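Chemist: mind looking at a prediction? Sequence and model below.
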Amino acid sequence: MSDRSKIEERFNELRGEEVVYAIHRQDRTFLPTRKHCPLCPTRPDGRAGGRAGADTEIPVPAFEIAVFDNRFPAFQAPRGAAEVVVYTDDHDASFGTLAPERAEALMWVWRHRYEELGARADVQYVFIFENRGVEVGVTLHHPHGQIYGYPFVPPVPTLELAADARLGGCAPCSLLAGELEDGRRVLHQNEAVVAYVPRAARWPYEAHVTMREHRASLLECDPQELRMLAGALQALVRGYDALFDRPFPYVMAIHQAPTTTRAAGDPPALAAGAAAAGGHLHVEFYPPLRTAEKLKYPAGSEQGAGTFISDVLPEESAAELREAIVRGT
């Protein structure tokens, strides 16, 4: 009988990528009722999500942002890490409805976890993400994200590094310059950040939020840049919700430099190592909706051949999203 607590990696030769088996995750909590939400504060009287006489994952009556080890990890020491980041103690909130100060504080939390996890010898890539909505496989409704410390550099950031080499410099810098020159797909911008639908978007309402200046990671951002990043992310998420007048499902993925080159425990060296490894801080959103009621499924061509076929032109979805962002403000 297999050990259900064991995490195993196997290399897929045909695709040239690691596959991770964490079979204990089959037993993780699945869409509990509000009363039994494990991410709510612990409230002994059982009010507003607390379970009378039982602790949740967060054993305090109230909190702002909480970070803890995932009880059902996909990675764990000595081969990586898996953490949960709970944005708020309000079960009915969302990333878009957070107070601006709370969203800004979340940027600093992300920054701290990138720094601390990235300094570990068993972590080569720190991936911060949020899954929102049952359409993308969410198992807990309470607003939260996750952080994986991969013991290897995954395929997507590896492809981004290959794009740098192919273009002879930073690929996100080059792509951003092209989007700003074209202008048709730009959604929202401020002094530090630009949000746009990429020219070759795979998902109908895919969007990228990119730092104007080359910043390898959150560690290189100054306080004003972090504040403006938070503001741009919230503007986009509120626009998503306004687009079809419903909570909009998405995957939010923070792309940063790998942490493979560093002096462990030394923040300046980590930042320098990240820059040397390549990378440009940007956040990608993959929303599965193509209309208010229809999903874009990765099916035969997407999964079998690796080629997305989209039903919506990026210029058209960008125009819709721009208007929705204005309505969402």
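Modeler: Yep, it's here.

Chemist: which parts of the stretch 201-329 of the chain are helices?
Modeler: For the stretch 201-329 of the chain, applying DSSP state H, counting those that start in this stretch gives helices covering 223-243, 267-277, 314-328.

Chemist: measure how the first one sits relative to helix 314-328, angle-wise.
Modeler: Using axes from the mean of the first three to the mean of the last three C-alpha atoms, to 10 degrees, the interaxial angle of helix 223-243 with respect to helix 314-328 works out to 100 degrees.

Chemist: ok so, going back, would you mind finding the most buried of the helices of the stretch 201-329 of the chain?
Modeler: For those, the largest average neighbour count (mean count of other C-beta atoms under 10 Å) is found in helix 223-243, namely a mean of 21. Quick note: C-beta positions are derived from backbone N, CA and C, even for glycine.

Chemist: ok so, going back, nearest to residue 198, out of the helices of the stretch 201-329 of the chain?
Modeler: Closest to residue 198 of these, according to C-beta to C-beta: helix 314-328, at 6.7 Å.

Chemist: which other helices and strands does that closest one contact?
Modeler: Contact here means 3 or more C-beta pairs under 8 Å, 6 or more residues apart in numbering; DSSP states H and E; on that basis helix 314-328 packs against strand 186-189, helix 223-243.

Chemist: can you give me the mean pLDDT across the helix or strand following the shortest one?
Modeler: Right, strand 186-189. As assigned by DSSP states H and E, the chain's next helix or strand after strand 186-189 is strand 193-196. What strand 193-196 shows for mean pLDDT is 98.

Chemist: packing partners of strand 193-196?
Modeler: helix 171-182, strand 186-189, strand 207-211, helix 223-243.

Chemist: make it 10 Å
Modeler: Packed against strand 193-196 by the contact rule (3 or more C-beta pairs under 10 Å, 6 or more residues apart in numbering; DSSP states H and E) you find helix 171-182, strand 186-189, strand 207-211, helix 223-243, strand 282-286, helix 314-328.

Chemist: ok, now which ones touch the nearest residue to residue 30 once chain neighbours are set aside?
Modeler: Spatial nearest neighbour of residue 30, excluding adjacent residues (C-beta to C-beta, 6 or more residues apart in numbering): residue 139 at 5.0 Å. The contact partners of residue 139, taken as C-beta atoms under 10 Å, 6 or more residues apart in numbering, are 25, 28, 29, 30, 31, 32, 72, 131.

Chemist: next, residue 139: secondary structure please.
Modeler: Per DSSP: H, G, I helix; E, B strand; the rest coil, the secondary structure class of residue 139 is coil.

Chemist: CA atoms of stretch 214-232 as PDB?
Modeler: Extracted C-alpha coordinates of stretch 214-232, given in PDB (Å, rounded to 0.1, in the frame of the first residue of the first chain):
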ATOM      1  CA  HIS A 214      12.400  46.400 -15.300                       C
ATOM      2  CA  ARG A 215      11.900  44.800 -11.900                       C
ATOM      3  CA  ALA A 216      13.000  41.100 -11.600                       C
ATOM      4  CA  SER A 217      10.800  40.600  -8.600                       C
ATOM      5  CA  LEU A 218       8.800  42.200  -5.800                       C
ATOM      6  CA  LEU A 219      12.100  42.700  -4.000                       C
ATOM      7  CA  GLU A 220      13.200  45.400  -6.500                       C
ATOM      8  CA  CYS A 221       9.900  47.400  -6.200                       C
ATOM      9  CA  ASP A 222       9.900  50.500  -4.100                       C
ATOM     10  CA  PRO A 223       6.900  51.300  -1.800                       C
ATOM     11  CA  GLN A 224       5.200  53.500  -4.400                       C
ATOM     12  CA  GLU A 225       5.500  50.800  -7.100                       C
ATOM     13  CA  LEU A 226       3.900  48.200  -4.700                       C
ATOM     14  CA  ARG A 227       1.100  50.600  -4.000                       C
ATOM     15  CA  MET A 228       0.400  51.100  -7.700                       C
ATOM     16  CA  LEU A 229       0.700  47.400  -8.400                       C
ATOM     17  CA  ALA A 230      -2.000  46.700  -5.800                       C
ATOM     18  CA  GLY A 231      -4.200  49.500  -7.300                       C
ATOM     19  CA  ALA A 232      -3.900  48.200 -10.900                       C
END
